[in-house]
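Student: Next input, structure requested:
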Amino acid sequence: MINTGKTTNFNELPQVAGVLPGDHNIEFFGVRKTKQVLWIQNGSTRYFKDLPIEYFNLLKEAYLTDEAAVSFLQKVTTNENTQVELYTYYMYGDLDCTPDIVNGKLAESENFRDKRNCPSLLWNSKNININNVVLTPRQLMIIDLVGQNLPDKAIAAALDISIKTFDFHKKKLFNLLRVDSKMDLLKLSIKHKIVA
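Tutor: This next block holds a predicted model:
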């Protein structure tokens, strides 16, 4: 065995927030099948019901200030605690390296969608973005259709617009995101967890 003297620095690898002991940040993640929320802090995973009250209240306050979210979730359940958990699921359902609560402050929503036409896309506090460019529902539809590897004509038909109108929207999206092709758009979307 030859020792090359190379070492791997694991500090440079992205780490899921809250996984390490001593990491006081909180990372939420959702279980898609049940829409149950779990959270990680200090290397431990816990149920949403065990979230300390000060963090629950942060989420509840954010939820109650989003009228569209309240309107939708009150139709799903009358239990306010469950509404807050569902709000958390839709806002922070992805397991990633960016903490959802840092130093007692709630982060911006994640690029998590439960499904393509996720109800949270209509909420005031939900923003799907790439490099701080907030995407519209129409732009997300275009990205989703590009992800299906459809030709431009088929995408235009799916959007019920002319190919000329689609070309306009596609060019605008390319310029906003500084990409030159559908392949570049797809790569960028995958990187930002918009397309799986």
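
Student: Going by C-alpha atoms from here, please, whenever you check contacts or count neighbours.
Tutor: Fine.

Student: For this protein, which helix extends over the most residues?
Tutor: Longest helix in the chain by number of residues, with DSSP state H as the criterion: helix 163-177.

Student: angle of the helix or strand just after that one against helix 163-177?
Tutor: The helix or strand immediately downstream of helix 163-177 is helix 182-191, counting by DSSP states H and E. Taking axes from the mean of the first three to the mean of the last three CA atoms, to 10 degrees, one finds that helix 182-191 is oriented at 50 degrees with respect to helix 163-177.

Student: can I get the CA coordinates of helix 182-191 in PDB?
Tutor: C-alpha atoms of helix 182-191 as PDB (Å, rounded to 0.1, in the frame of the first residue of the first chain):
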ATOM      1  CA  LYS A 182     -33.100  24.100 -22.600                       C
ATOM      2  CA  MET A 183     -30.300  21.800 -21.400                       C
ATOM      3  CA  ASP A 184     -28.700  24.600 -19.400                       C
ATOM      4  CA  LEU A 185     -32.100  25.500 -18.000                       C
ATOM      5  CA  LEU A 186     -32.700  21.900 -16.900                       C
ATOM      6  CA  LYS A 187     -29.300  21.500 -15.300                       C
ATOM      7  CA  LEU A 188     -29.800  24.800 -13.300                       C
ATOM      8  CA  SER A 189     -33.300  23.600 -12.300                       C
ATOM      9  CA  ILE A 190     -32.000  20.300 -11.000                       C
ATOM     10  CA  LYS A 191     -29.200  22.100  -9.100                       C
END
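
Student: Can you give the distance from it to the centre of its chain?
Tutor: Centroid separation for helix 182-191 versus its chain: 16 Å, with CA atoms, centre = their mean, to the nearest Å.

Student: Show me what it is packed against.
Tutor: Helix 182-191 is packed against helix 137-147, with contacts defined by 3 or more CA pairs under 8 Å, 6 or more residues apart in numbering; DSSP states H and E.

Student: surely residue 102 meets residue 28?
Tutor: No: the pair residue 102 and residue 28 does not pass the contact test of CA atoms under 8 Å, sitting 11.9 Å apart.

Student: Between these two, which has more neighbouring residues?
Tutor: Set residue 102 next to residue 28 and count neighbours by other CA atoms under 10 Å: residue 28 wins out with 26 against 15.

Student: now the helices for the protein?
Tutor: All helices of the chain, identified by DSSP H, fall at 53-64, 67-76, 80-92, 137-147, 152-159, 163-177, 182-191.

Student: who's in contact with stretch 84-102?
Tutor: 14-18, 24-31, 35-37, 48, 59-60, 63, 69, 73, 106-114, 120, 126 (CA atoms under 8 Å, 6 or more residues apart in numbering).

Student: Can you list the buried residues in it?
Tutor: 84-96, 98-101 (16 or more other CA atoms under 10 Å).

Student: Same question for stretch 65-82.
Tutor: Buried residues in stretch 65-82, counted by 16+ other CA under 10 Å: 68-70, 72-73, 82.

Student: do the same with stretch 170-182
Tutor: Under the neighbour-count criterion of 16+ other CA under 10 Å, stretch 170-182 has 170, 173-174, 177, 179, 182 buried.
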